[in-house]
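J.: The sequence and its predicted three-dimensional model are supplied below.
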Amino acid sequence: MMSANDMDAAVKTYDAFVGVLKWAVPTIAVLVFVVVLLVA
């Protein structure tokens with residue numbers, strides 16, 4: 001089993017990852033939309 005310290009580190013890493021995804025996914029979607037408009 002993981003120790004409590006390892007679990008705390010894992011939760012912090014996961015929270016940081018989700019925080020980045022909240023900004024990255026919409027940004028990538030907008031960029032893809034712009035590129036599609038330019039190509040079409």
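T.: Alright, I've got the coordinates. Residues are numbered from 1 along each chain as shown.

J.: While we're on Met1, how confident is the model there?
T.: Looking at Met1, its pLDDT reads 57.

J.: burial of Val32, as a residue count?
T.: Using other CB atoms under 10 Å, Val32 is surrounded by 10 other residues. The C-beta positions use only the backbone N, C-alpha and C, and glycine is treated the same way.

J.: Which of the helices or strands spans it?
T.: helix 4-39 (DSSP states H and E).

J.: helices and strands around that helix, which ones?
T.: Judged by 3 or more CB pairs under 8 Å, 6 or more residues apart in numbering; DSSP states H and E, helix 4-39 has no packing partners among the helices and strands.

J.: roughly how far out does that helix sit from the chain middle?
T.: 1 Å (CA atoms, centre = their mean, to the nearest Å).

J.: Quick one: mean pLDDT for it?
T.: On average, helix 4-39 scores 94.

J.: if I look at Gly19, how far off is Val39?
T.: 32 Å (CB to CB, to the nearest Å).

J.: Mind listing what's buried along the helix holding Val32?
T.: By 16 or more other CB atoms under 10 Å, helix 4-39 has no buried positions at all.

J.: what about stretch 23-40, distance to the chain center?
T.: That offset, for stretch 23-40, works out to 16 Å (CA atoms, centre = their mean).

J.: what are the C-alpha coordinates of that stretch, in PDB please?
T.: Presented in PDB, the C-alpha positions along stretch 23-40 are these (Å, rounded to 0.1, in the frame of the first residue of the first chain):
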ATOM      1  CA  TRP A  23      -7.000  25.700 -19.600                       C
ATOM      2  CA  ALA A  24      -5.300  23.600 -22.200                       C
ATOM      3  CA  VAL A  25      -8.300  21.800 -23.700                       C
ATOM      4  CA  PRO A  26     -10.400  24.900 -24.500                       C
ATOM      5  CA  THR A  27      -7.200  26.700 -25.800                       C
ATOM      6  CA  ILE A  28      -6.400  23.800 -28.100                       C
ATOM      7  CA  ALA A  29     -10.100  23.600 -29.300                       C
ATOM      8  CA  VAL A  30     -10.000  27.300 -30.200                       C
ATOM      9  CA  LEU A  31      -6.700  26.900 -32.100                       C
ATOM     10  CA  VAL A  32      -8.000  24.000 -34.000                       C
ATOM     11  CA  PHE A  33     -11.200  25.900 -34.900                       C
ATOM     12  CA  VAL A  34      -9.100  28.900 -36.200                       C
ATOM     13  CA  VAL A  35      -6.900  26.500 -38.300                       C
ATOM     14  CA  VAL A  36     -10.000  24.800 -39.700                       C
ATOM     15  CA  LEU A  37     -11.400  28.200 -40.700                       C
ATOM     16  CA  LEU A  38      -8.200  29.200 -42.300                       C
ATOM     17  CA  VAL A  39      -7.900  26.000 -44.300                       C
ATOM     18  CA  ALA A  40     -11.500  25.900 -45.400                       C
END
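
J.: With that, I have no additional questions.
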